[in-house]
Every structure is written in structure tokens, then in C-alpha cells.
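> here is the input, now give the coordinates:
(one chain, ligands or ions: 1)
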Amino acid sequence: MSDTVLSIRNLTVEIPTRHGILRPVEDVSYDIARGEILGVVGESGAGKSMAGNAVIDLLNPPAHIAGGEIWLNGSRIDQLKGEAMRRLRGKEIGMVFQDPLTSLNPLLRIGDQLVETMLTHLKISEREARARAVTALQEVGIPGAAERVDSYPHEFSGGMRQRVVIALALCAEPSLIIADEPTTALDVSVQAQIIALLKRLCRERGTAVMLITHDMGVIAEATDRVAVMYAGRLAELGPVRDVLTRPQHPYTHGLMASTPLASAGKARLHQIPGAMPRLDAVPDGCAFHPRCPRATDLCRQPPPPKVQDGKAACWHPLTQDAQEEAL
Ligand SMILES: Nc1ncnc2c1ncn2[C@@H]1O[C@H](COP(=O)(O)OP(=O)(O)OP(=O)(O)O)[C@@H](O)[C@H]1O
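Predicted coordinates:
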């Protein structure tokens, strides 16, 4: 059996508008293997969430998949709708969103939510599900799990609530977790704990993770591979160590240089000049060229070469010498 859990092939998402068609995701491909954490990173509006939402059929109409294929454990899922997709979400795909309250029912005790999810997706008795609910809460670090299982979501702090959501996302033993900015709404002090928890539990279970974030620190901390998105396209894809220490795409390099992590000891953080283009004004050629210090005429016309694992979508990728000089 292949190790690939999720395979996104040439995914394009379109939004028809009165002024034309917008493409928040264009020709994006990446795979996530069993037990692997893939980070999807880029500035706000890069299309990270749209790509994740396309996988679970949570695009807000009129946004829709206009091209490409999505495969989960060898089955094509991009045409699944309604009940079939709902079954897949929860059972095969667990979700952790930025705001834990969007995933929890405020009117139900958290134990009942865990039990309901398990009974829907697993062939176990209610008694077994109740016992597993307490274990699940212990595993995510809820103190006094045997009592807290009867609490309501509002009785927890933000960080504890996100732990409950992680327990809920994992309780039906999914093969994939999509975590979209799971720590962005939390206090800085608990962010690292939640990321460490997600990482440990998914590693232990061999769960594949799509970790969507704008935070390079989270990428460095938690991921095995990184997909860097810019204006809906994939700029770079590769093992996290390579991408962070030897970024090839000038955009990735700019992102790195603008994070405290990479600039430790430097007096000022670098800022990428300009802003990401609006979707109705994405430049021809390489979408990044107006902001790119390495751009030439070539970058203004033909689209850059397609991204491959370990090879950026850039006509003038940074060589090792240039990386050292620029850093
Ligand atoms: N209904 C819509 N009509 C027009 N543009 C839209 C619509 N919905 C989303 N967009 C645009 O699609 C782009 C991609 O959005 P997406 O949420 O995927 O970005 P992101 O990289 O996840 O950013 P963030 O970190 O801010 O969530 C954004 O530019 C957003 O403004």
C-alpha cells in the first residue's frame, strides 16, 4: 500500500465575479504521506485556506474546484458531495480551525460530543466510547479528565478548548488532519504547547497533517515538508530543513528574512517590499516579479517553471552563494 495519504494534483479553485474569474488557487500539487506534517505557508490571502477547504468541500460558493484532482488513500474525493463528504470529514479527515468554538457545540458536554463522533464513525459500544472519551481528554492534557468530560465548551480556556478540539479531531482515528491556523487565536504562551501536542499525537498515530499557517516559527517547529504559496500558486516545495536554511525562491527567502527566527541577532527585520497582488490584478509571468529583487524581463512574461519537490517555481532561484550573501 502506498504511503501517500493525500494527493492534490493540479488543483485550481475559481471564483466567478462580475469582473471576471478569480483564481485563489491555481495549478497547485502536493502530497502528504502517512505520519508526515506538511506546512502550507504564505502571507494572508495566498490561498492556503482555500486549498485546504477544497479538500473537505468547504469552499464558500461561488468558489468551486475548477480543475485538478484530490485523492485520499487512493480514492478520488474531489467530486464527493453531501452525505459522502460529511462521512469522510470526521472519519477520514479531522479538522482543527483557528477558533475552537467553531468546532464545538456550545450546548453539549464535551464528553457527549466525543462519544457522538466516535459512535458515528467507529464500531464500538457507547460504554467503550465513554471510556475512550476520558482517555482522549487525558491524552490531550486536560487535567481531571474524568470530571471535565462533563463540562461544556465555555467552561474551558482558549488553549484547553483547542486541546478538546484536537481530541475531537483525532477520536475517530482519521488518516488526515487539516489544521488551519490552529494557534493563531491563542496566547503566545500556549501556542507552542498546542503545536507540540498536535505534532506528538499525530506522530504516534501515523496521522498525516496539513498544517496551514502564516507563521514561519510554527513551520520550523512542527513540519517535515513545506509548501510555500504566493498569490494562489505554489512557489516552493521541499523538506523543511532545505526550504528554511537554503530557500531557493526569493519569496521564501523574503519570508524567512522577515521572521525573528531567521534574523536573530540582526538589528532590523527585513520586509518584503510591496504587497501581494489582489486576485483581479495578478501580474503575468511570475506573480512575485514586481516585488522580487532578482526579477528580469524573463520573469514578466512566461510563467516560471513548475514547482517540483526540491525545485522552486523561479527563473532565477537563489544559489547557495546568493543565499549566504543575502542572509
Ligand atoms: N468570495 C470571494 N470573492 C473574492 N475573493 C475571495 C472570496 N473568498 C476568498 N477570496 C480571496 O481568496 C484569496 C485566498 O484566500 P485564503 O483565505 O485561502 O487565503 P489564506 O492564504 O488562507 O489567507 P489567511 O491567512 O488570511 O486566511 C484571498 O485573496 C481572499 O481575499
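> Leu255: neighbouring residues, count only.
If you count neighbours by other Cβ atoms under 10 Å, Leu255 ends up with 26. (Each C-beta comes from the backbone N, C-alpha and C, glycine too.)
> let's verify the most centrally placed residue in the chain: helix, strand, or coil?
By Cα atoms, centre = their mean, the chain has its centre lying nearest to Ile212, at 2.3 Å. Assigned with DSSP: H, G, I helix; E, B strand; the rest coil, Ile212 falls in the strand class.
> CA atoms of stretch 126-133 as PDB?
Taking Å, rounded to 0.1, in the frame of the first residue of the first chain, the C-alpha atoms of stretch 126-133 are listed here in PDB:
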ATOM      1  CA  GLU A 126     -21.400   3.600  24.000                       C
ATOM      2  CA  ARG A 127     -19.700   2.300  27.100                       C
ATOM      3  CA  GLU A 128     -16.500   1.900  25.200                       C
ATOM      4  CA  ALA A 129     -16.900   5.300  23.700                       C
ATOM      5  CA  ARG A 130     -17.400   6.900  27.100                       C
ATOM      6  CA  ALA A 131     -14.200   5.300  28.400                       C
ATOM      7  CA  ARG A 132     -12.300   6.400  25.300                       C
ATOM      8  CA  ALA A 133     -13.600  10.000  25.700                       C
END
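> and stretch 220-232, how far out from the chain's middle?
8 Å (Cα atoms, centre = their mean, to the nearest Å).
> thinking again about what came up before, kindly state the beta-bridge partners for the residue nearest to the centre of the chain.
Val40, Asp180 (DSSP bridges).
> so how far is the ligand from it?
6 Å (Cβ to the nearest ligand atom, to the nearest Å).
> same thing with Met256?
In terms of Cβ to the nearest ligand atom, Met256 sits 18 Å off from the ligand.
> tell me what the helix or strand that contains that residue is packed against?
Taking DSSP states H and E as the definition, one finds Met256 inside helix 250-257. In terms of contacts (3 or more Cβ pairs under 8 Å, 6 or more residues apart in numbering; DSSP states H and E), helix 250-257 is packed against strand 225-230, strand 233-239, helix 320-326.
> what's the closest of the ones you listed to the ligand?
When those are compared by Cβ to the nearest ligand atom, strand 225-230 sits nearest the ligand, at 6.5 Å.
> could you pull out the helices for this protein?
48-55, 82-91, 110-121, 126-139, 145-148, 158-170, 188-205, 216-222, 240-245, 250-257, 297-300, 320-326 (DSSP state H).
> outside of the helix holding Met256, which residues touch it?
For helix 250-257, contacts defined as Cβ atoms under 8 Å, 6 or more residues apart in numbering pick out 41-43, 216, 228, 230, 235-236, 243-244, 247, 262-263, 269-270, 272, 288, 291-294, 312, 314, 316, 318, 323, 326-327.
> and the residues you listed near the ligand, which?
Among those, proximity to the ligand is found for Gly42 (Cβ under 6 Å from any ligand atom).
> can you list the residues of the stretch 101-250 of the chain near the ligand?
Counting by Cβ under 6 Å from any ligand atom, the stretch 101-250 of the chain sits next to the ligand at His214.
> just for the stretch 101-250 of the chain, where's the confidence low?
Within the stretch 101-250 of the chain, no range satisfies pLDDT under 70.
> do you know how far Pro305 is from Ile65?
Remark: distance between Pro305 and Ile65 (Cβ to Cβ, to the nearest Å) = 24 Å.
> looking at those two, which one has more neighbours?
Ranked by neighbour count (other Cβ under 10 Å), Pro305 and Ile65 place Ile65 first, with 19 against 13.
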